[in-house]
Each structure stands twice: as C-alpha cells, then as structure tokens.
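1. Here you go, sequence then predicted model.
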Amino acid sequence: MSMTKGRRHLGHRTVGAVALALALVTGGFLADTHVRGATPVSAEEAAQAQQATLRELADQRGVRMGTAIASHHLNQSDYARTAAAEFNSITHENDLKWETVQPQQGQFNWTNADRIVEFAEQNDQMIHGHTLVWHSQLPSWVADGNFTPDQLRGVMRDHINTTMGRYRGQIDTWDVVNEPIGDDARFRDSVFHRTLGVDFIAESFRMARAADPNARLFINDYNIDGINAKSNAYYDLVRDLLAQGVPIDGIGMQGHLISGQLPSDIQQNIQRFADLGLEVMITELDIRIQMPATQQKLEQQARDYETVANACYAVSGCSGVIVWGVTDAYSWVPDHFSGEGAALPIDENYQPKPAYWALHEVLGGDGGPVDPPPTEEPTDPPTDPPVGDCEASYQVVGEWNDGFQAEVTVTAGSNLTGWTVTWSFTGGEGVSHAWNASVSSSGSNITATNVAHNGTLSSGQSTTFGFVGTHNGTVGTPQLTCASS
Ligand code: 9MR
C-alpha cells in the first residue's frame with residue numbers, strides 16, 4: 001500500500017464531507033479542522049466517517065494502536081479527547097517509573113500512575129506498563145545503593161510485586177526490563193548489572209511472572225528496530241533466556257527514529273524475533289525531522305510511519321504500534337535533540353499530519369483527505385543511477401566514548417551477483433564487528449564483501465550493511481570504492 005495511492009484526489013469523497021463528518025461524529029481533534037468547501041453530510045457519510053479514527057480501525061483489525069500519556073496533561077480537553085478517541089492502548093510516559101512510584105524505599109506514591117490507569121479504564125483502553133527494572137529514572141536510593149546481591153533481589157522483588165500487584169488485571173503487558181544493552185552491544189553498567197551480573201534480567205522476569213502470572217512480559221529497547229549489532233545482541237540474549245525457560249513473552253522495539261534514515265530491514269528484524277515465538281511490539285514510535293517542518297519533510301515522515309506500521313502489521317507475531325505521545329506539543333524530542341522535532345502523527349494543534357493519514361491507511365482506512373495543493377518547495381533533484389558496477393555511501397549513525405556505529409548502503413549500477421566495498425580509515429578508526437557483510441581489515445584498509453543473502457542486486461537496487469567500530473577521538477567519513485566481485 002503506497003502513500004501516493006493513499007493521497008486521494010477529489011472524486012472519492014470530498015475533503016469537506018469527511019472532515020465535517022468526522023468533526024460532527026467524533027468530537028475528536030478534527031473538530032478544529034478547517035473544512036474546505038463543506039457540504040451537507042449524509043447519514044451514510046457520517047456513519048462511514050465515524051469508523052475512521054485510528055482507534056476504531058485498529059480495533060477492527062484486532063491490533064494495538066497506542067500512545068504514551070502524561071497525567072498532568074489530562075485536564076486539557078483536546079489532549080484527553082484525542083488520547084481517548086484515537087488510541088486503544090495507553091502507556092504511562094513517565095508516571096509509572098520507579099523514581100515516581102517509589103521515590104524512597106517503602107514509600108509508594110500512586111497518584112499519577114492511578115490517574116492514567118483510571119483514564120484508560122474509563123475509556124476502555126489497554127495499558128502497556130512502562131517500566132519496572134531500568135537503570136534510568138531510578139531513585140538514588142536504588143541507583144547508588146550499596147546492596148548485597150540478596151538485598152538488591154529483595155528491593156527488586158518488592159518493587160515488582162507491589163507495582164504489578166496493584167494493577168493486576170488492569171495492566172496485562174509490561175516492560176519488565178528496559179534498555180539493559182548499550183549501543184555498543186554490551187550490557188550496560190547499572191546497579192542491577194554490577195550487583196547481580198547479567199542474571200538480573202532472568203531474575204526480573206521470574207519475579208514478574210510470580211507477581212502476575214497472567215501478564216505478558218517484555219524486554220524493551222531503542223536502536224533495535226533493524227538488524228544491527230545491538231539487535232543481534234538482543235537476539236542472542238532472548239534466545240538464550242527462552243532456552244533456559246525464563247518467562248519472557250515479548251520484545252519491545254521502541255522506534256525512536258529519524259525521518260529518511262530508517263533501517264531497511266525492520267520487517268525482517270521483527271520476523272526473526274517473532275520466529276522465536278515472541279510477541280513483538282513497536283513500543284515508543286516517533287520519527288523526528290529537522291525543523292522547520294516542510295510539506296515535503298512531512299510527506300517523507302508519512303512514508304516512514306507507513307514503513308514501520310506495515311513492517312509490524314505484516315508479521316503475525318507483531319501485535320501493534322504505540323506512538324510516544326499524543327501531540328507534537330508535548331513530545332520529548334525537541335528537548336533532547338536540538339533542532340529536531342515534529343516527530344508524532346498529530347501536530348501541536350491536534351491536527352492530523354500526513355503521518356496520521358499514513359497510519360490510517362495502513363490500518364485499512366481511506367488514507368484521509370486529498371493531497372494538499374502542490375507546493376512551490378524545491379524538490380530534491382533525481383538521483384543519477386550509479387556509473388559503473390556499484391556505488392557505496394557511508395553514514396555514521398551513532399557515536400560514543402570509544403566506539404561508533406556506521407551503515408554503508410551499496411547501490412548497484414548494473415546487475416550484480418556479488419560486491420566488494422573498500423576504504424581506508426584516516427583517523428585511527430577500526431571495525432570491531434559487522435552485520436550483513438563480511439568485513440576484514442589490514443591496518444587501516446578495510447574490505448567488505450556481500451554475504452549470501454545480499455550479493456545479488458539488480459541495477460538500481462540497494463542493500464545496507466553495518467558495523468560497530470572503535471575510534472580514538474576522530475570519527476571521519478572515508479572515501480569508498482565499490483566493485484562487483
Ligand atoms: O518521554 C520520556 C521523557 O519525558 C523523559 O524525560 C525521559 C527521561 O529518560 O524518558 C522519556 O521516555 C523514554 C522511555 O521511558 C524509555 N525509552 C526512551 C524514551 C525517550 O527518552
């Protein structure tokens with residue numbers, strides 16, 4: 001299903017009729033939509049439109065279409081109305097985290113968490129519980145605690161039992177362990193890992209199963225949406241946990257993504273975890289763009305939302321998508337990524353963006369009103385096909401103290417049955433481990449060749465491989481050479 005197909009032109013139903021019908025019947029955010037050329041709405045049109053919220057489409061398909069919310073916004077009517085009308089699942093963005101729920105040992109504060117659970121119950125919504133054992137937003141009495149292993153187990157068990165116990169029967173999926181692996185694909189340092197070693201993960205899941213035997217238990221992280229070193233580490237971890245009989249039911253791929261830079265293998269990645277017998281969820285989707293947002297960037301973002309949602313809904317083990325906020329007005333993105341924003345499907349005035357209509361169409365809706373009129377914005381010049389066998393482009397996608405992650409996209413200029421990309425690092429960088437290519441080094445000279453599944457490319461087709469590298473201060477962009485092999 002493509003966005004261009006979904007961007008309907010007049011002749012289907014008029015924009016005015018759809019928007020007005022939606023405004024009349026849902027009382028949702030479209031109530032403020034500018035209705036162009038509004039015409040009287042027939043009962044039939046109103047009835048059709050009434051089925052058109054994301055929530056209703058998701059319910060019809062039996063999938064999750066959720067959002068994260070903050071209790072302190074729920075007294076704003078636009079916010080609460082949109083959260084209730086558009087989503088069938090709610091997650092506490094911050095109000096269920098350890099520092100909020102148990103800021104001091106044994107002192108539990110449920111005010112904000114309860115408020116959200118009550119909201120979800122009033123609106124007949126599912127709740128995805130976020131989160132129990134996480135190194136971040138952890139009160140200092142735990143994070144800096146000097147516990148023996150048994151003491152820490154006691155602290156974890158108490159927190160898990162009390163929190164899951166309070167919402168037993170109300171919250172039936174939980175992020176039990178959040179973000180235990182870093183971007184370098186190694187286990188993160190935390191009080192849990194320091195004190196209990198990697199077993200803290202298995203122990204957390206066993207405690208959670210005991211606390212609520214009916215809840216489905218997830219591990220959750222970011223940058224594991226495509227196939228890369230970190231998601232490979234997760235694959236090995238959950239496969240081993242399952243083999244040991246650890247009660248883990250699902251994996252959450254958070255989906256904090258950059259528009260135009262999505263991994264190309266999201267569906268393949270979801271599928272391999274589903275093939276392990278796990279439920280997969282996209283738990284925190286947002287796709288940020290460089291501000292200011294233009295129509296062209298919003299259309300690209302819509303294609304990105306479509307890609308992610310399609311990748312999930314195409315895999316039977318993927319139960320749904322949760323977006324990380326109701327409106328761009330309160331997204332975490334601008335506070336954390338300077339110059340970036342507009343990452344959600346609904347804008348700061350509660351208006352649907354192209355990304356909203358992309359989700360709508362993926363869920364089986366009509367994809368919304370007509371295209372906006374063509375804009376005068378410059379379009380990117382068409383990219384020339386590669387001259388010669390192939391071309392390769394290089395992108396650094398993450399960087400930390402002594403490491404970095406990069407992706408290389410190979411585009412064929414003619415039909416290929418194998419390819420080799422070579423480059424030289426000039427700043428002392430090295431490759432430590434790679435995926436989707438076989439990589440060898442000789443000093444600073446690197447040679448990457450295809451693996452079995454991505455050597456055959458027809459002219460114009462692309463494939464991407466990646467690696468985690470080391471550096472001593474400089475992460476450059478080398479010149480690449482690509483040839484058939
Ligand atoms: O959206 C949350 C933001 O309001 C908080 O300031 C931030 C603090 O770490 O956490 C954000 O939510 C995070 C989530 O709990 C776990 N995955 C990454 C999310 C974005 O940082």
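-> Right, received. Where do you want to start?

2. What is the burial count for residue 194?
-> 11 (other C-beta atoms under 10 Å). The C-beta positions use only the backbone N, C-alpha and C, and glycine is treated the same way.

3. any idea how far it is from residue 184?
-> Distance, residue 194 to residue 184, using C-beta to C-beta, to the nearest Å: 17 Å.

4. Just to be sure, residue 426 is in a helix?
-> No - counting by DSSP: H, G, I helix; E, B strand; the rest coil, residue 426 falls outside a helix, being coil.

5. pretty sure it contacts residue 476?
-> Yes - using C-beta atoms under 8 Å, residue 426 is in contact with residue 476, at 5.9 Å.

6. Now the phi/psi pair for whatever residue of the stretch 351-485 of the chain ends up closest to the ligand, please.
-> Nearest to the ligand, among the residues of the stretch 351-485 of the chain, is residue 398, at 14.6 Å (C-beta to the nearest ligand atom). Main-chain torsions, residue 398, degrees, to the nearest 10: phi -170, psi 150.

7. Then residue 346?
-> With angles defined as degrees, to the nearest 10, residue 346 sits at phi -120, psi 130.

8. Residues in a beta bridge with it, which ones?
-> Beta-bridge partners for residue 346, by DSSP bridges, are residue 352.

9. And it, how far from residue 355?
-> For residue 346 relative to residue 355 (C-beta to C-beta), the value is 9 Å.

10. higher neighbour count, these two?
-> Remark: of residue 346 and residue 355, residue 355 carries more neighbours, 31 against 22, as counted by other C-beta under 10 Å.

11. buried stuff in stretch 344-354?
-> 344-347, 350, 352-354 (16 or more other C-beta atoms under 10 Å).

12. That stretch and the ligand in contact?
-> No - using C-beta under 6 Å from any ligand atom, stretch 344-354 never reaches the ligand; the gap is at least 11.5 Å.

13. can you pull the alpha-carbon coordinates of that stretch into PDB?
-> Extracted C-alpha coordinates of stretch 344-354, given in PDB (Å, rounded to 0.1, in the frame of the first residue of the first chain):
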ATOM      1  CA  LEU A 344       4.400  12.500  16.000                       C
ATOM      2  CA  PRO A 345       1.400  11.900  13.700                       C
ATOM      3  CA  ILE A 346      -0.700  14.700  15.300                       C
ATOM      4  CA  ASP A 347       0.700  18.200  15.400                       C
ATOM      5  CA  GLU A 348       0.900  20.700  18.200                       C
ATOM      6  CA  ASN A 349      -2.700  22.000  17.400                       C
ATOM      7  CA  TYR A 350      -4.100  18.500  17.400                       C
ATOM      8  CA  GLN A 351      -4.300  18.500  13.600                       C
ATOM      9  CA  PRO A 352      -3.600  15.200  11.800                       C
ATOM     10  CA  LYS A 353      -0.400  15.200   9.800                       C
ATOM     11  CA  PRO A 354       0.400  13.200   6.700                       C
END
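
14. Buried residues, the helix or strand hosting residue 113. List them.
-> Residue 113 belongs to helix 111-122 when assigned by DSSP states H and E. Within helix 111-122, the residues that count as buried by 16+ other C-beta under 10 Å are 112-113, 115-117, 119-120.

15. Stretch 240-254 too?
-> For stretch 240-254, by 16+ other C-beta under 10 Å, it's 241, 246-254.

16. now stretch 478-485
-> 478, 480, 482, 484.

17. follow-up on the earlier one: tell me which two of the buried residues of helix 111-122 sit farthest apart.
-> 112 and 120 (13.3 Å; C-beta to C-beta).

18. Distance of residue 77 relative to the ligand?
-> According to C-beta to the nearest ligand atom, to the nearest Å, residue 77 stands 22 Å off from the ligand.

19. same deal with residue 198?
-> The value you get for residue 198 to the ligand, if C-beta to the nearest ligand atom is used, is 20 Å.

20. now do residue 268
-> Look at residue 268 and the ligand: by C-beta to the nearest ligand atom, they are 23 Å apart.
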